[in-house]
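>>> Build me a model:
(chains A and B)
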Amino acid sequence: MLKKKIVFLLGPTGIGKSAVAISLAKKINAQIISCDSMQVYRKMDILTWKVTSGQRKKVKHHLLGMIDPEQEYNVAKYRKAALSICDKLFSKGKIPLFVGGTGLYYSIIVDGLFSAVPQDKLIRAKLEKQLKLKGNKYLYRRLAKVDSAAAAKIHSNDARRIIRALEVYLKTGMRISQLQKNRAGLGKEYEVKIFGLNSKRQSLYDAIDQRVDKMFNLGLINEVKRLVKHKLSRTAKCAIGIRELKGYFAGQYSLAEGKRLMQRASRHYAKRQLTWFRKDKRIQWVSINKSQSPTQVALKLWKKLS
RNA sequence: GCCGAGAUAGCUCAGUGGUAGAGCGCGGCCCUGAAAAGGCCGGCGUGGGGGGUCCGAUUCCCUCUCUCGGCA
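Got it, this is the predicted structure:
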């Protein structure tokens, strides 16, 4: 029996995944599933540098712009949606091609998510309050008492992870460090191919800076102005550019400074993405440079697939 | 040409008679329901060149070079 094939195309922001993906998808009869925590949002097209409608006509894209920016989104929602699309594609004989740079979303698809313990608003609110009142060391000590293994893994300043670990314990009585061992990934019935795109650090950074410039030329300011009129969810407002432009709108600094901050944040983000992907030895890296067209890169990947 | 100020980490600068720090940048790392988020770690740098004083100078003195401001 032929294994079902799933392909991933990963890499830092600005490396040029999208165009390569479209070209590759056409060659292998695939549809694209976005693997990006911010492109799921509507009204953030320039800001998150989504593929254009023209590009979407060439190859069908999934999980792009289907959530209102007032809504929260998270890994669990993503996983559910993505896997269901995968099934649909398989039934139509199409290959799912995951494309994106959100490392956590990628790993949650490939390696699975531990048994469902959704967030609990009440418990969270209590913990957040304690955090404010007594500080992160206090919460950390609390965690260490109930789940020393988790505490050993989490830094005492990493309030977010401390709260999550405590939340899981308070809600279920079980330790997150135990639960995390139990995850089911894609398993053996699939043939999984994972590609990563990368280039010289400096050319990546140059590309990122230029892309931010282009965003401004395309009307980023107006898009974000319209966007911030909504009450953005705490996840949506994390998109790079919102915080930076809000400071400009508020008159705290110049437009040039806002742009500079955005470029810097994007570079830092790319660096963190690379750290995440680098440790994953399943990724087959393909290094690219400006002289190669997306089609040429896609051809390279295609050869590695067969 | 004269007067004044300065020359210290990639950048902006602080400080000290006992061989140097900060912020930012940059690099490395962590990551399971906020992940474009959040967290952690990393600074030997001919202290502009040369000379002098001193047990010892980046720190004081002299001189040269350069930069900036003012006057001509």
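>>> what about stretch A:288-302, how long is it end to end?
15 Å (CA to CA, to the nearest Å).
>>> Quick one: distance of that stretch to the chain centre.
23 Å (CA atoms, centre = their mean, to the nearest Å).
>>> Now it: buried residues?
A:288, A:292, A:294, A:297-298, A:301 (16 or more other CB atoms under 10 Å). (Glycine included, C-beta is placed from N, CA and C.)
>>> Now do the helices in the stretch 201-306 of chain A.
In order along the chain, the stretch 201-306 of chain A carries the following helices (DSSP state H, counting those that start in this stretch): A:201-217, A:220-227, A:242-249, A:255-278, A:294-305.
>>> which helices and strands sit right next to the first one?
Helix A:201-217 is packed against helix A:255-278, with contacts defined by 3 or more CB pairs under 8 Å, 6 or more residues apart in numbering; DSSP states H and E.
>>> tell me how far the helix it packs on is from the chain's mean position?
The mean C-alpha position of helix A:255-278 is separated from the chain mean by 14 Å, CA atoms, centre = their mean.
>>> Who are the packing partners of that helix?
Secondary structure elements in contact with helix A:255-278, counted by 3+ CB pairs under 8 Å, 6+ apart, are helix A:103-110, helix A:201-217, helix A:242-249.
>>> same question for the first one, mean pLDDT?
Looking at helix A:103-110 alone, the average pLDDT works out to 96.
>>> ditto for the last one
Regarding helix A:242-249, the rounded mean pLDDT is 94.
>>> do it and RNA strand B meet?
No: Helix A:242-249 does not reach RNA strand B (CB under 7 Å from any atom of the strand); its nearest approach is 8.1 Å.
>>> How about the longest one?
Yes: looking at helix A:201-217 against RNA strand B by CB under 7 Å from any atom of the strand, the contacts come from A:201, A:205.
>>> could you give me the average pLDDT of that helix?
The average pLDDT for helix A:201-217 rounds to 93.
>>> for stretch A:138-151, same thing?
The model assigns stretch A:138-151 a mean pLDDT of 96.
>>> What of stretch A:23-43?
When pLDDT is averaged along stretch A:23-43, the result is 97.
>>> Quick check: end-to-end length of stretch A:172-181?
As for stretch A:172-181, its first-to-last residue distance stands at 16 Å under the measure CA to CA.
>>> Sort out which residues of it are buried, please.
For stretch A:172-181, the buried set under the neighbour-count rule, 16+ other CB under 10 Å, comprises A:175-177, A:179-180.
>>> about what we covered before: using TSV, lay out the helices of the stretch 201-306 of chain A together with distance to A:G54.
Supplementary listing: the helices of the stretch 201-306 of chain A in TSV, determined by distance: least, CB to CB, whole Å:
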stretch	distance to A:G54
helix A:201-217	16
helix A:220-227	18
helix A:242-249	26
helix A:255-278	24
helix A:294-305	14
